[in-house]
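S.K.: Test case, fold it:
(chains A and B)
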Amino acid sequence: MNTSYITGSTEAAGKLIPEVSAKIGFKDFLGAVMVRWGFNRSRYRVSPGLYAIGVPGPDSDVFVTANYKLTFDNLRKNLQNTDGWILVLDTKGVNVWCAAGKGTFSTAELVSKIQSVSLEKVVNHRRLIVPQLGATGVAAHKVREETGFNVHFGPVRASDIEKFISNGYRADSDMRKVKFGFRDRIKLIPNDFLYGKYYLLGAMAVLYLLSGLSMNGISFTNFTKTGGPAILNAFLAYCAGIVFTPLFLPYLPGRYFSLKGFFSGMIVFVALLFTSLSHETFVTGLSWLFITGAMASFTAMNFTGSSTYTSLSGVKKEMKIFIPLQISFAVLGLILQITGKLIN
Amino acid sequence: MKDLVYLPDVVTLALDENKCTGCGLCIKVCPHNVFELSDRKAHIVRRDFCMECGACALNCACKAITVNSGVGCAAGIINGILKGTEPSCDCSGSKCC
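M.R.: Here you go, the predicted model:
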């Protein structure tokens, strides 16, 4: 494991505490790019425990974070002008918000880490800065009851921490709000794209096989003529759901992700009408309308989990309405696809 | 850019203002600015922005807030149905919210 961010050690409460740099090196950058593309993602971790950044003393702040290295790096690069302690919880390599939702970034884990590093001997104050999004897992009043430490929920983004401190440990409402801008969404696309890769390959395989059908059984001419376009159409339908929908999320009509995805799918379908579908029959063309719509709608629906504003109750409602529609569209599309080949 | 808002009138968030002591922690932990404090009580002012993360209810020492919290993730809900568990974004490392 790359531990180049550890630059030395310092002694506190009779123990050696590793010191970390606030600089993001090339290895850290490369690692970040790799995990965004899904490489080594579940093992991209730092060891839980206490770290020192800058030249901290007994009065310095304690910043609580998760042991996903991307999260840890984001915190330390935003503490360039701060001397402090970083308390890393064992979240199994998952970021703060997700880990809080899963219950690994929790009151119990925080209490146990405070005790195992003897934090009360390292610092002489009783103030912990916990990222706001950790509040889904950490109950401030319980931490105080069990350890005497007062949890101050910091800003949502690590980039606001130094401002938060200079504000007297107060976050303004902008620092408290989760956003979901273009850059935030674009970062999520590679992992989401790869998440459904086997479904995509499966859909491509089925549509490729269907492309070889003709009224005389299997036709090799059909494979060579329409097999390639069929694979391309399936690929673009998938992209409509999981690439175009996230990119243009605020501008696509409707509130349901499935509906937004369906509209992206229709844009792709219209583009296909002028290209790979331009020589197809009406029935085959129509079959692609349903297939593209169903695939794009379903993959876009799965982006609800990556978004930062959907609720469990809302997604359940969305699924109840749209999964039956998606299945009907897919089945209808496949029936038309087969019919189109057989009557041609 | 204006705030993205999901579906109207679906969330299970509820606040019992009689139990509220006006500590204001719900306002601090809410990532979507759902609450406001007036007359020393919290009020739900932007209900449809709630994503049911549960941070407010967990941090409400007087148990004035209730919400059926969980992951707003279709893949997680499908996983839960397939495995017969609660909706979970635990996708064995391949993807997570």
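S.K.: how near is residue A:162 to residue A:80?
M.R.: Residue A:162 sits 8 Å away from residue A:80 when distances are taken as C-beta to C-beta, to the nearest Å. All C-beta spots, glycine's among them, are computed from the backbone N, C-alpha and C.
S.K.: what does residue A:195 give?
M.R.: 34 Å.
S.K.: Looking at the two, which is more packed in?
M.R.: residue A:195 (22 against 12; other C-beta atoms under 10 Å in any protein chain shown).
S.K.: where are the low-confidence patches of the stretch 151-300 of chain A?
M.R.: Within the stretch 151-300 of chain A, no stretch has pLDDT under 70.
S.K.: how about the residues of it near chain B?
M.R.: By C-beta under 8 Å from any C-beta of the partner chain, the part of the stretch 151-300 of chain A that sits against chain B consists of A:153, A:156, A:171, A:173, A:176-178, A:180-181, A:191-192, A:194-195, A:249-250, A:255-257.
S.K.: Drop anything exposed from the residues you listed.
M.R.: Among those, those that count as buried by neighbour count (16 or more other C-beta atoms under 10 Å in any protein chain shown) are A:153, A:156, A:171, A:176-178, A:180, A:191-192, A:194-195, A:249, A:255-257.
S.K.: Inside helices: which ones of the residues you listed?
M.R.: A:191-192, A:194-195, A:257 (DSSP state H).
S.K.: what's the pLDDT at residue 94?
M.R.: All of this is about chain A. At residue A:94, the model reports a pLDDT of 94.
S.K.: Switch to chain B, please.
M.R.: For residue B:94, the model assigns a pLDDT of 41.
S.K.: repeat for residue B:3
M.R.: As predicted, residue B:3 sits at a pLDDT of 77.
S.K.: Thought residue B:51 was touching it, still the case?
M.R.: No - when contacts are counted by C-beta atoms under 8 Å, residue B:3 is not listed as touching residue B:51 (11.6 Å).
S.K.: For these two, work out which one has more neighbours and name it.
M.R.: Using other C-beta under 10 Å as the criterion, residue B:3 and residue B:51 rank with residue B:51 on top: 27 against 14.
S.K.: Check the gap between the closest residue in space to that one that isn't next to it in sequence and residue A:317 for me.
M.R.: Once flanking residues are discounted, residue B:51 sits nearest to residue A:311: 4.7 Å by C-beta to C-beta, 6 or more residues apart in numbering or on different chains. Per C-beta to C-beta, residue A:311 is found 9 Å from residue A:317.
S.K.: any shared contact partners between the two?
M.R.: B:7, B:10 (C-beta atoms under 8 Å, 6 or more residues apart in numbering or on different chains).
S.K.: Tell me which of these two has more neighbours.
M.R.: For residue A:311 versus residue A:317, the count of surrounding residues by other C-beta under 10 Å is larger for residue A:311: 28 against 16.
S.K.: That one contacts residue B:50, correct?
M.R.: Yes - Residue A:311 is within contact range of residue B:50, at 6.3 Å (criterion: C-beta under 8 Å).
S.K.: Just give the number of residues close to the residue in the stretch 201-344 of chain A that chain B sits nearest to.
M.R.: Closest residue of the stretch 201-344 of chain A to chain B, C-beta to the nearest C-beta: residue A:305 (2.7 Å). Neighbour count of residue A:305, defined by other C-beta under 10 Å: 28.
S.K.: now it, nearest residue through space, not along the chain?
M.R.: Per C-beta to C-beta, 6+ apart, closest to residue A:305 is residue B:73, 2.7 Å.
S.K.: any idea of the pLDDT on the one you found?
M.R.: Note for residue B:73: predicted pLDDT of 91.
S.K.: okay, now it: neighbour count?
M.R.: Residue B:73: 29 surrounding residues under other C-beta under 10 Å.
S.K.: and residue A:137, what is it in contact with?
M.R.: Applying C-beta under 8 Å, 6+ apart to residue A:137 gives the contacts A:99-107, B:58.
S.K.: mind running it again at 10 Å?
M.R.: If a contact means C-beta atoms under 10 Å, 6 or more residues apart in numbering or on different chains, then residue A:137 has A:89, A:91, A:96-110, A:130, B:53-55, B:58 as its contacts.
S.K.: Format the CA atom coordinates belonging to the one helix or strand residue B:81 maps to as CSV.
M.R.: Using DSSP states H and E, residue B:81 sits within helix B:74-83. Only the C-alpha atoms of helix B:74-83 are listed here, as CSV (Å, rounded to 0.1, in the frame of the first residue of the first chain):
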residue,chain,number,x,y,z
ALA,B,74,-32.8,1.9,-6.8
ALA,B,75,-29.8,-0.5,-7.2
GLY,B,76,-29.7,-0.8,-3.4
ILE,B,77,-33.5,-1.5,-3.2
ILE,B,78,-33.2,-4.2,-5.9
ASN,B,79,-30.3,-5.7,-4.0
GLY,B,80,-32.3,-5.7,-0.9
ILE,B,81,-35.2,-7.5,-2.6
LEU,B,82,-32.9,-10.1,-4.2
LYS,B,83,-31.1,-10.8,-0.9
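S.K.: Are that helix and chain A in contact anywhere?
M.R.: Yes - residues of helix B:74-83 contacting chain A under C-beta under 10 Å from any C-beta of the partner chain: B:74-79, B:81.
S.K.: what ranges do the helices span in chain B?
M.R.: B:25-29, B:55-58, B:74-83.
S.K.: so which of the ones you listed is the most packed in?
M.R.: With neighbours defined as mean count of other C-beta atoms under 10 Å in any protein chain shown, those peak in mean count at helix B:55-58, which reaches a mean of 26.
S.K.: How about that one and chain A, any contact?
M.R.: Yes - contact between helix B:55-58 and chain A, assessed by C-beta under 10 Å from any C-beta, occurs at B:55-58.
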